[in-house]
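Asker: Sharing a model prediction with you, sequence too.
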Number of protein chains: 2
Amino acid sequence: MDIKQVAKDTAKVLTSYFTYQALRTVLAQLSENDPPQALWLHSFSSRHSIQDGEAFLLSLLQEKQELAFRLMTVRQHLAEEVADFLPEMVRASIQQSNMEHRRQHLERMTQLTISDPPARSEQTDSES
Amino acid sequence: MDIKQVAKDTAKVLTSYFTYQALRTVLAQLSENDPPQALWLHSFSSRHSIQDGEAFLLSLLQEKQELAFRLMTVRQHLAEEVADFLPEMVRASIQQSNMEHRRQHLERMTQLTISDPPARSEQTDSES
């Protein structure tokens, strides 16, 4: 298990994810303040995948640099605000989710056993 | 900007991403120790999308619970090992990436200006 590589890859995925969240934020802001610009950005984002955040920004820089700069500022701001809470949140999320899976699985197993019990003998009746 | 919601969504995305990394890790381990099981898991993961980590685990629990439990343990371990480094790494990644975009954009602008300069007059020649 290459922990260092996993950490690097995860940081990269997060960077891209914050770019996506920045896009959502800027779209919401523009919808209120500058609907034509919001429409333009919406159309742009339907033509360019946000899956790769860096490629998205690169294309946006070529078409409307001021929006690209704005996205870059917003994603940095989001990261500053959110990053410190992530370690605790992701650990809690995984722990809780694992526990929930185990609990539900146990429940399913138990229900299977109850609804399909081993063949009963009439022994207890005859003993009474 | 709903920072709290962004943090929640990000933690969820990270949980799913660690499930994907756990799958990769377990596949690599099985390839060494138990090739038939590796083959089975590989085929399972081609039939079930890992995009939604929880749905993936749910299906895996129904087909091979021991592998699902293993994935759950590994993703928890990965999160424990990696989570604390993420805030610093993602901030650095975004800062560096933003800087790089700005630098390259400036370079492109400068090159455009150099390769397409304003029309020259022969003034300087005539002045000499």
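Answerer: Cool, got the structure. None of these values were measured; they are calculated from a predicted model.
Asker: mind checking how far the residue nearest to the spatial centre of chain A is from chain B?
Answerer: Centroid-nearest residue in chain A: residue A:17, 8.1 Å away (criterion: C-alpha atoms, centre = their mean). Residue A:17 sits 6 Å away from chain B, going by C-beta to the nearest C-beta, to the nearest Å. Placement of C-beta: from N, CA and C, glycine included.
Asker: neighbours of the residue nearest to that residue when sequence neighbours are not counted, just the number please.
Answerer: Spatially, and ignoring its direct neighbours in sequence, residue A:17 is nearest to residue B:13 (5.5 Å; C-beta to C-beta, 6 or more residues apart in numbering or on different chains). Using other C-beta atoms under 10 Å in any protein chain shown, residue B:13 is surrounded by 18 other residues.
Asker: Name the SS class of residue B:13, please.
Answerer: helix (DSSP: H, G, I helix; E, B strand; the rest coil).
Asker: Pull out the buried positions in stretch A:46-59.
Answerer: A:48, A:50, A:53, A:56, A:57 (16 or more other C-beta atoms under 10 Å in any protein chain shown).
Asker: tell me how far stretch A:67-78 is from the chain's mean position?
Answerer: Centroid separation for stretch A:67-78 versus its chain: 19 Å, with C-alpha atoms, centre = their mean, to the nearest Å.
Asker: hmm, that stretch in reach of chain B?
Answerer: Yes - applying C-beta under 8 Å from any C-beta of the partner chain, one finds that stretch A:67-78 is in contact with chain B at A:68, A:69, A:72, A:74, A:75, A:76, A:78.
Asker: gap between the first one and residue A:109?
Answerer: Spatial separation of residue A:68 from residue A:109 under the definition C-beta to C-beta, to the nearest Å is 53 Å.
Asker: One more: residue A:59?
Answerer: Taking C-beta to C-beta as the measure, residue A:59 falls 51 Å from residue A:109.
Asker: ok so, going back, please, a PyMOL command that selects the buried ones among the residues of stretch A:67-78 next to chain B?
Answerer: Buried residues among the residues of stretch A:67-78 next to chain B (16+ other C-beta under 10 Å), as a PyMOL selection:
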select buried, chain A and resi 68+69+72+74+75+76+78
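Asker: Okay, and which of the residues of stretch A:67-78 next to chain B map to helices?
Answerer: Counting by DSSP state H, the residues of stretch A:67-78 next to chain B place A:68, A:69, A:72, A:74, A:75, A:76, A:78 in helices.
Asker: can I get the residues you listed in CSV with distance to residue B:93 and pLDDT?
Answerer: Formatted as CSV, those follow (distance: C-beta to C-beta, whole Å; pLDDT from 0 to 100):
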residue, distance to residue B:93, pLDDT
A:68, 17, 98
A:69, 18, 97
A:72, 13, 98
A:74, 16, 97
A:75, 10, 97
A:76, 10, 97
A:78, 13, 96
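Asker: Tabulate those residues in a markdown table, adding columns for distance to residue A:95.
Answerer: Below are these laid out as a markdown table (distance: C-beta to C-beta, whole Å):
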| residue | distance to residue A:95 |
| --- | --- |
| A:68 | 38 |
| A:69 | 39 |
| A:72 | 34 |
| A:74 | 31 |
| A:75 | 28 |
| A:76 | 30 |
| A:78 | 25 |
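Asker: Which one of those residues is nearest to residue A:114?
Answerer: residue A:78 (48.6 Å; C-beta to C-beta).
Asker: Check the gap between the closest one and residue A:91 for me.
Answerer: Taken as C-beta to C-beta, the span from residue A:78 to residue A:91 is 20 Å.
Asker: How about residue A:31?
Answerer: Relative to residue A:91, residue A:31 is positioned 35 Å away (C-beta to C-beta).
Asker: got any ranges where chain A has weak pLDDT?
Answerer: Across chain A, the ranges flagged by pLDDT under 70 are A:1, A:116-128.
Asker: how about the helices in it?
Answerer: Remark: helices assigned in chain A by DSSP H are A:3-33, A:35-47, A:53-63, A:65-82, A:86-115, A:123-127.
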